[in-house]
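[1] I need the structure of the sequence given here:
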Amino acid sequence: MCQAKNLGTYEVASLSLISSFILLILIANPFLIPVADAQSHVSLCYFYGEDCSHCKDVEVVIEELEEKYPGLEVHKFEISYNATNCELFNAFIQVYNPQAVEIPAVFIGNKSLIGYELTEEKLENEIEFCVQSKCPDPLSIIKEQEGQQSPLLLMLIGTALIEGINPCGFAVLIVLLASLLLVKSKRSVLIVGLSFIASVFVTHLVVGFGIVGFYLVSGMAPVIKAIVIAIAIPAGIINILDFWREKPTLVIPTFMKPKLGKLARRASIPGAVLLGFFATIAGLPCTGPLYLTMLDLIADVPSKTAIYLVLYNLLYALPLFVILAIVYKETAPEDVEEWRKGKRKYMKLIGGLVMLALGVAMLVGVV
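    Numbers count the residues shown, from 1 in each chain. Below you'll find the predicted structure:
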């Protein structure tokens, strides 16, 4: 009886010890798993040039770190002779917004190491940090940014239409069409009107490409963004205040109006082309800050910059097509002009609100 009793006590003690050990493993397990995951999933993106001597030195360092950290996953991209990798590098630059744009360049987690800032010590510190903190994959950050382009497209469509419905461009086209109807046939109205709109479209598009090109090449993204914000917010406020004023503030310069009127009254194809060019340049004070703001956002998507710019300007010119169609269908230009004057302050208000909203959104980092 005593032996049986002693054996039972021993078995209970053993089971208790085993249960405690299992419980300890279960408790520790949630803390052990993330460490293992972090150690096996440290992702690094390395951009280099085939003819870059500094890049070759950095590549040796990276290979040594790959041996030291088995969980380090290195994605290498040569950009001197590979257009796809070069475009990807531009996408990284737009998202990470480093102080310099050069190679070699490493992106790890939310950090970037560029040029001679890329040292073995700094790179290893970032790897150690990501081992402990489970940093996101840089490629996933870029994909997430690309997934946010749909809101940009909707914003682009809305902004282009709002900029297109501007009193300045309307006024010039209406004067041109009124002059045509006095002396020319309806066919001439259509041809000259389309020439004017085509000139406006091309001029506005070329201005956009020029600004975006400077934005991408200059490497001064933070400075340019600050300038855009400094222009958009005050311009938005001024346009909103114009809603309560008798005369708008941001308009075609006074000295340009007689020249534009003279060109409009000639009512010829060459005159319409020149008129479209000068009217677009002179009308930039009206809604130019709105265009400038969208150009800053479009430049953040280098792979679709050309498509977005062409789409934006087609939508920008669309309201002019509508006015041409209305007048061509025998609606008097005077009636259209009267409607324009009655709605002008509301156009300014809507444009001002959009400018202000975009400027503030850029200021706080929402867009």
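
[2] all contacts plus neighbour counts: C-alpha atoms, from now on.
    OK.

[3] Find me the pLDDT at Ala332, would you?
    At Ala332, the predicted lDDT confidence score is 65.

[4] next one: the one 10 residues further on
    Per-residue confidence for Gly342 comes out at a pLDDT of 64.

[5] what does the one 5 residues further on give?
    Listed pLDDT for Met347 reads 69.

[6] what's Tyr48 sitting at in phi/psi?
    phi -150, psi 170 (degrees, to the nearest 10).

[7] what's near enough to touch it?
    Under the criterion of C-alpha atoms under 8 Å, 6 or more residues apart in numbering, the contact list for Tyr48 reads 55, 76-80, 103-105.

[8] make it 7 Å
    Shown in contact with Tyr48 (C-alpha atoms under 7 Å, 6 or more residues apart in numbering): 55, 77-79, 103-105.

[9] Just the closest of these to Ser140, please.
    Using C-alpha to C-alpha, Phe77 comes nearest to Ser140 of the contacts of Tyr48, at 15.8 Å.

[10] Show me what the host helix or strand of the closest one is packed against.
    Secondary structure from DSSP states H and E places Phe77 in strand 72-78. Contacts defined by 3 or more C-alpha pairs under 7 Å, 6 or more residues apart in numbering; DSSP states H and E place strand 72-78 against strand 42-48.

[11] now the strand it packs on against strand 72-78, angle please.
    In terms of direction (axes from the mean of the first three to the mean of the last three C-alpha atoms, to 10 degrees), strand 42-48 departs from strand 72-78 by 20 degrees.

[12] quick one: buried residues of strand 42-48?
    For strand 42-48, a neighbour-count test (16 or more other C-alpha atoms under 10 Å) marks 42-48 as buried.

[13] repeat for stretch 77-95
    For stretch 77-95, by 16+ other C-alpha under 10 Å, it's 77-79, 85-86, 88-95.

[14] what's the answer for stretch 313-327, then?
    Buried residues in stretch 313-327, counted by 16+ other C-alpha under 10 Å: 313-320, 323-324, 327.

[15] between those, which is nearest Asn239?
    Closest to Asn239, out of all of the buried residues of stretch 313-327 and judged by C-alpha to C-alpha, is Tyr316, at 18.8 Å.

[16] okay but that closest one is in contact with Gly164, surely?
    Yes - using C-alpha atoms under 7 Å, Tyr316 makes contact with Gly164 at a distance of 4.2 Å.

[17] avg pLDDT for the helix or strand that Phe214 is a member of?
    Following DSSP H and E, one finds Phe214 within helix 186-218. Averaged over helix 186-218, pLDDT sits at 85.

[18] Could you pull up the mean pLDDT of the helix or strand just after it?
    Next along the chain after helix 186-218, taking DSSP H and E as the criterion, comes helix 221-241. The pLDDT scores in helix 221-241 average 76.

[19] Need the contact partners of helix 221-241.
    If you take C-alpha under 7 Å, 6+ apart as the criterion, helix 221-241 is touched by 215, 289-290, 292-293, 296, 348-349, 352-353, 355-356, 359-360, 362-363.

[20] would you list the buried residues of strand 42-48 in a markdown table and tack on pLDDT and distance to His204?
    Below are these laid out as a markdown table (pLDDT from 0 to 100; distance: C-alpha to C-alpha, whole Å):
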| residue | pLDDT | distance to His204 |
| --- | --- | --- |
| Val42 | 87 | 46 |
| Ser43 | 90 | 43 |
| Leu44 | 91 | 41 |
| Cys45 | 93 | 38 |
| Tyr46 | 94 | 38 |
| Phe47 | 95 | 35 |
| Tyr48 | 93 | 37 |
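
[21] How are the strands of the stretch 51-200 of the chain distributed by residue range?
    Counting by DSSP state E, counting those that start in this stretch, the segments of the stretch 51-200 of the chain that form strands are 72-78, 105-108, 111-114.
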